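Novice: with the sequence up front, the predicted model follows.
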Amino acid sequence: MRTFLAPMEGVIDYEMRDILTQRGGYHRCVTEFIRVNNQVLPEKVFLRFSPELNHGGMTSHGIPVYLQLLGGNPKFMGLNAARAQTLEPPGIDINFGCPSKTVTRNEGGSALLKEPARIGDIVTAVRDSVDPKIPVTAKIRLGFSSHDYLDEVADRIVSGGATELCIHARTREDRYKPPAYWSAVRQVADRISIPVIINGEIWSAEDAIQAQKQSGCNDIMLGRGALTCPDIAARIEAEHTGRNYEMISWGETLDIVIRYLNNSSNKHPRFTSNRLKQWLVFLQRHYPQAEALFQRVKRLKNRDEVFEQIGKYQKNPNPQPE
């Protein structure tokens, strides 16, 4: 069994990958998608999305990071894959799953699930453009509005030369609404010749076990679950191997959040407040204590004010009403 960290756009960036993989349990990460239009991107773009390329394509904890490309033009997807391979990434992933309206309006992500032949052409173009030793993987959903093309899409991806396929067990129209239809993935996992990875609604070690059983997949990918529980991959690994594992406390989790904010708070004037509030909403699923801190910072925009409130919270998490 392997556990992968999903490429969540605008959420799981370089610093987040480094923080989350420190806890252990992960076998691979994937970058946020690199948008490919009708041009060949300069190397600096790939390096911006994956600073890990400066260190052998690995996080500081030795976890490989695949570059993810998104686009609908086979020729330029291939040309950009060729450019990317000069930086020696551990692998290249192709995004056929993003449900964003902006992306789908521009013939990218899950919009392509309505065109299996085009998906096959893109995979072939990328595979043919890079050294055979570089893995080429793909991520899809069950379909755009139905599962009608799922088998054909999977077959085209296999025939195009992909080495692995990740399936988010919802359609584009389902977006992120529960449930995830893990059992619908089995028709692909049981049949095709490459490994299939299950993704969607995996919030705990118990969910991971059920997702594996219902989908027939050995490997899983974690997205939002990784944000609700920063050590979830380590918990899943412990459950799988039968060893004892003590989950990290709320205090340790808050230390992880603070370290992340300190490492990345210079990105944008409101980055610290926005990212903290976003993460606290996720954390409330496993840590009810996150709600009290969220209430303290929810109206703040200034970085210094945010850190001031965090400091006050650490000294007195539950102040008495005046």
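Specialist: Now that the structure is in, tell me what you want to look at.
Novice: can you give me the strands for the stretch 101-250 of the chain?
Specialist: Taking DSSP state E, counting those that start in this stretch as the test, the strands found in the stretch 101-250 of the chain are 136-143, 164-171, 196-199, 219-222.
Novice: quick one: least confident helix or strand in the protein?
Specialist: Lowest mean confidence among the helices and strands of the chain (mean pLDDT, DSSP states H and E): helix 101-105, at a mean of 86.
Novice: check the offset of it from the chain's centre.
Specialist: Chain-centre distance of helix 101-105: 19 Å, with C-alpha atoms, centre = their mean, to the nearest Å.
Novice: count of residues packed around residue 112?
Specialist: 24 (other C-beta atoms under 10 Å). The way it works is simple: take the backbone N, C-alpha and C, and place the C-beta from them, glycine included.
Novice: before we move on, back to that, pipe the strands of the stretch 101-250 of the chain into JSON lines and attach mean neighbour count per row.
Specialist: Below are the strands of the stretch 101-250 of the chain laid out as JSON lines (neighbours: other C-beta atoms under 10 Å):
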{"stretch": "strand 136-143", "mean neighbour count": "26"}
{"stretch": "strand 164-171", "mean neighbour count": "24"}
{"stretch": "strand 196-199", "mean neighbour count": "25"}
{"stretch": "strand 219-222", "mean neighbour count": "24"}
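Novice: for residue 280, find the nearest of those.
Specialist: Residue 280 sits nearest to strand 219-222 of all the strands of the stretch 101-250 of the chain, at 18.7 Å, using C-beta to C-beta.
Novice: just put the strands of the stretch 101-250 of the chain in TSV and tack on distance to residue 11 and mean pLDDT.
Specialist: Formatted as TSV, the strands of the stretch 101-250 of the chain follow (distance: least, C-beta to C-beta, whole Å; pLDDT from 0 to 100):
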stretch	distance to residue 11	mean pLDDT
strand 136-143	15	98
strand 164-171	15	98
strand 196-199	15	98
strand 219-222	12	98
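Novice: adding distance to residue 88, write the ones you listed out as CSV.
Specialist: As requested, those are exported to CSV (distance: least, C-beta to C-beta, whole Å):
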stretch, distance to residue 88
strand 136-143, 15
strand 164-171, 19
strand 196-199, 23
strand 219-222, 23
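Novice: one step back: quick one: contacts of the least confident helix or strand of the chain?
Specialist: By C-beta atoms under 8 Å, 6 or more residues apart in numbering, the residues outside helix 101-105 that reach it are 70, 98, 109, 110, 111, 172.
Novice: can you put those in CSV and add neighbour count?
Specialist: What follows is the contacts of helix 101-105, written out as CSV (neighbours: other C-beta under 10 Å):
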residue, neighbour count
70, 25
98, 22
109, 29
110, 27
111, 21
172, 23
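Novice: tell me which of these is nearest to residue 254?
Specialist: The closest of the contacts of helix 101-105, once distances to residue 254 are taken by C-beta to C-beta, is residue 98, at 31.0 Å.
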